[in-house]
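Q: Next one to model:
(chains A and B)
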Amino acid sequence: MKTDTGLESDIVTPQPPPPLLSVRNLRVSFHDEHGHCVPALKGISFDIPAGRTVALVGESGSGKSVTAMAITRLLPAHGCQIDAGSEILFAGRNLLTASRRELRQLRGADIAMVFQDPMTSLNPVYTVGEQIIETLMLHTRVGRKAAYQRAVALLKEVGLPTPDLKMSSYPHQLSGGQQQRVMIAMAIACEPKLLIADEPTTALDVTIQQQILQLLASLQKKHGMAVLFISHDLELVGQFADEVVVMHHGTIREHAPVRQIFEAPQDVYTKALLCCRPHLSRRPARLPVIKDFLGEASYCEPPQRQRGYLPDDEVILEVQNLSVEYHSRHGWFGKKHCCQAVQDVSFKLMRGRTLGIVGESGSGKTTLGMTLMRLQAASAGRVLFAGHDMLAMSPRQLGDYKRRIQIVFQNPYASLNPRFSVAQILTEPMLLHGIGRDRAERLQLAGNWLERVGLSHQALGKYPHEFSGGQRQRIAIARCLTMHPDILICDESVSALDVSVQAQVLNLLQELQDELGLSYLFISHDLAVVKHLSDQVLVMQHGRCVEQGDADTLYAKPQHPYTRQLLEAIPQSWPHNFKPQVA
Amino acid sequence: MLAFIIRRVAQMVPTLFGVMLLLFVLFNWVGGDPSYILAGKNLSPEALANIRHQLGLDLSLPQQFVIFVKQVLTLDFGTSWSTQQPVTSILHSRIGPSLLLTGSILLLGTVLAVVIAALVAYLRGSLTDRLVTLISTCAMSVSGLVYIIAGQYWLAHKAGLFPIMGWSDRIAENLLYYLPLPLLLGVVVGLAPDIRFYRSCFVEEMNHDYVRTARAKGLSEPVIMLKHVLRNAMIPVVTSLMMSLPYLMMGAMLLETFFSIPGMGKEVVMAVDRSDFPVIKAITIYIALATMLFNLLADIVYKLIDPRVELS
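A: The predicted structure follows:
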């Protein structure tokens, strides 16, 4: 009798359970409008173990979202090809050969998704409750009444206040964070085994970002789901993931446990991604960009830059007790509503310096910028531009001052007229302000500015949609520069960009400031970015300035609780938040 | 909602006053002196004065305006100058056939166009989609007149499938015997542009993120199309539909003329031809009223379809 064999098998470490999802040699290519085949994924393989969180990190165009869409088979039917040798095994079943019917049964039940922009991802004409109930009734065969009760419980679980009332709300009646909570409630409704979260926090404010991340992390633990978390921000992922897959141009550069990625990254690209995000503790004269790492020479950090107003700086813009009110009236004889968007804000901007303005959505920071451009009327206060009150000027007097203060907006996709060529975009304001003698000279000037911001002369003949987000933001900057401004207002100008592209644009802004002596009013919700670029920082909450001071001092010793709260919401660099997991 | 309706109806009063003022000014200054038209060749000064007195043209302008306002408020526009019948009774007898014709064309045409558009949008990029688009473009390029004449000639005259023209007093006979051909031709004329427009509405909606969410939930394509996409795509469809509603009253001028249907369209043509001012005035006021009412209706329908619309 061989009783020892049974004993032996007890001692032998058990085989690890098969992964929940296993992607094998996935190749996807798209056909462009000329019929050429453009590879998006060049044969990637990775596993997602049950109950674990795997993060997929990379820049736009690296193939992260294509991977997610391939797993759920939501890639467009036309113009997209998945190589025959590819395999996506989910609980042992190949999803790439599954029938439509099988896929429908899996989606929403076993594999659920949360998308980037919750506003557009929810159907605007159905109530939140209806959209959750629909999923429940489709997959769980419960009655409408039971589904309703379950939906209320789900809304409660994702932390929505008054879930009963929220059931009958329409998506547009909720805030961005609340909408994303609804999306998450919908995703976890049928207790999925795998949750795919595609940039779930990118469209949200920093403090909301943290809340949503914490919610996802707690739900993951509670339900024991596996999560595929997709993000362009490596730091963000560090707080949440067990394993990280770094992607670049449709290939996997590195796949390792999260600790190794942060403490001993093997791939230069991973190192580059880790470095190009501005840090609270360092302020190099120039931020590293991906290219610095991929070249032959190894990267060495340039000297640190000192920031702060100096006593002999010249004041270029002084804002005194500025207030802005919005009035609205319902109907003809309705009561007049008054909303204080900005209350009693004062600051000084020095020539060649940067004043950073931070705050969340609704804090009044954008209204402040608009008021300085005179795009929004002020209700009280003075704005002294080189000693003259801009708010008191007649439209005629204002003409020249308007040229000297320019603005770069947040969304590079929406703020450039899609029907205008780049040449038209750049020369139109020149024509208005009488810069350049004739069309030829204006085109020449426009071309020069394009080269200055890192684009070529050829870009003049193209249209905005032919450029990437970072390139469009460069065009927007060039449009401002054609006016020879003294002050540039950057209203969340880098917020919509990937961290790697963000570093490039921040470097460009810095170079331009050094070269042209521009003064910046840098509005952002990202405190690390603001610290990198600013000499002074002003923190806004509910339209009021809650704290203002020298950038280094304010970050080192925040006085106001709100400033401290904002600082805590920043994804900390790895060693700060690393808590070893107990096995 | 009720407060909104009351407010909107109250807003109609100044609008209607504006319409009356404009109409009055147009007829009195631009329209010329109607007594010359009525007097015909019998141009003696006494006869002219007599006619002017009968028409009330010898009164001062403010007095004439007050009379016009009274006419509008009582919806009694006097008698037609050409037939001497009361204008109100003429219009009452004309509105029925017009509404029957244009209403059925609108209903059938819209339902058909929405169904076909949803189908080709679902199959977008396929052979069927391209074929429908091609046929629609060709069909749109041919004048509506050609369809009417060709239809009347081939289907009614040559093939004898339908009566060539005519109308009766009995609704059943109209519906079953006289209506089908003009209805068919009216639908055919309007179908092609509608399909193209509605298809683009559907296709645009299908590219939205919420459709991806619906697929990620595991919903089947028919449910996605009929529940999620349809209601969103109906927003622009309803807009274009509501804009065309006031013309229901105007009737289909060409169809009524070709098929001898005693409707409003035919009446308008005849009234303009005879310079029958009371009839023209009455029709203009009716159209203005209908436009205002349908605009209100459109806003209410919007609110029902799209919760983001604020009624204020």
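Q: could you say what helices and strands the helix or strand A:E325 falls within packs with?
A: Per DSSP states H and E: A:E325 is located in strand A:315-329. In terms of contacts (3 or more C-beta pairs under 8 Å, 6 or more residues apart in numbering or on different chains; DSSP states H and E), strand A:315-329 is packed against strand A:336-350, helix A:365-372, strand A:380-385, strand A:519-524. Backbone N, C-alpha and C define where each C-beta goes, glycine included.
Q: Can you tell me the closest non-neighbouring residue to the residue nearest to the spatial centre of chain A?
A: By C-alpha atoms, centre = their mean, the mean C-alpha position of chain A lies nearest to A:T202, the distance being 3.8 Å. Excluding the flanking residues, the one nearest A:T202 by C-beta to C-beta, 6 or more residues apart in numbering or on different chains is A:Q116, at 5.4 Å.
Q: and the residue nearest to the centre of chain A, what pLDDT?
A: Looking at A:T202, its pLDDT is 81.
Q: what's the spacing between A:P395 and A:R374?
A: From A:P395 across to A:R374, the span is 9 Å (C-beta to C-beta, to the nearest Å).
Q: Doesn't A:S415 belong to a strand?
A: No - using DSSP: H, G, I helix; E, B strand; the rest coil, the secondary structure at A:S415 is coil, not a strand.
Q: For it, grab the count of nearby residues.
A: 18 (other C-beta atoms under 10 Å in any protein chain shown).
Q: OK, contacts around it?
A: Neighbour list for A:S415: A:409, A:476 [criterion: C-beta atoms under 8 Å, 6 or more residues apart in numbering or on different chains].
Q: right, and the helix or strand after the longest helix along chain B?
A: Longest helix in chain B, counting residues (DSSP state H): helix B:87-122. Later in the chain than helix B:87-122, the nearest helix or strand by DSSP H and E is helix B:127-140.
Q: tally of neighbours for A:R382?
A: Using other C-beta under 10 Å, A:R382 has 16 other residues around it.
Q: I'd like to check which residues are in contact with residue 187.
A: This is for chain A. A:112-114, A:195.
Q: you looked at the wrong chain, it should be chain B
A: B:105, B:108-109, B:112 are the contacts of B:V187 under C-beta under 8 Å, 6+ apart.
Q: and the stretch 51-200 of chain B, which of its residues are near chain A?
A: Counting by C-beta under 8 Å from any C-beta of the partner chain, the stretch 51-200 of chain B comes close to chain A at B:G125.
Q: In the stretch 51-200 of chain B, what residue lies closest to chain A?
A: Closest to chain A within the stretch 51-200 of chain B is B:G125: 5.4 Å, counting by C-beta to the nearest C-beta.
Q: Distance check, that residue against B:Y210.
A: In terms of C-beta to C-beta, B:G125 sits 21 Å off from B:Y210.
Q: So those two - more neighbours on which side?
A: Ranked by neighbour count (other C-beta under 10 Å), B:G125 and B:Y210 place B:Y210 first, with 23 against 13.
Q: Quick check: closest non-adjacent residue to the more buried one.
A: Nearest to B:Y210 is A:N123, by C-beta to C-beta, 6+ apart, at 4.2 Å.
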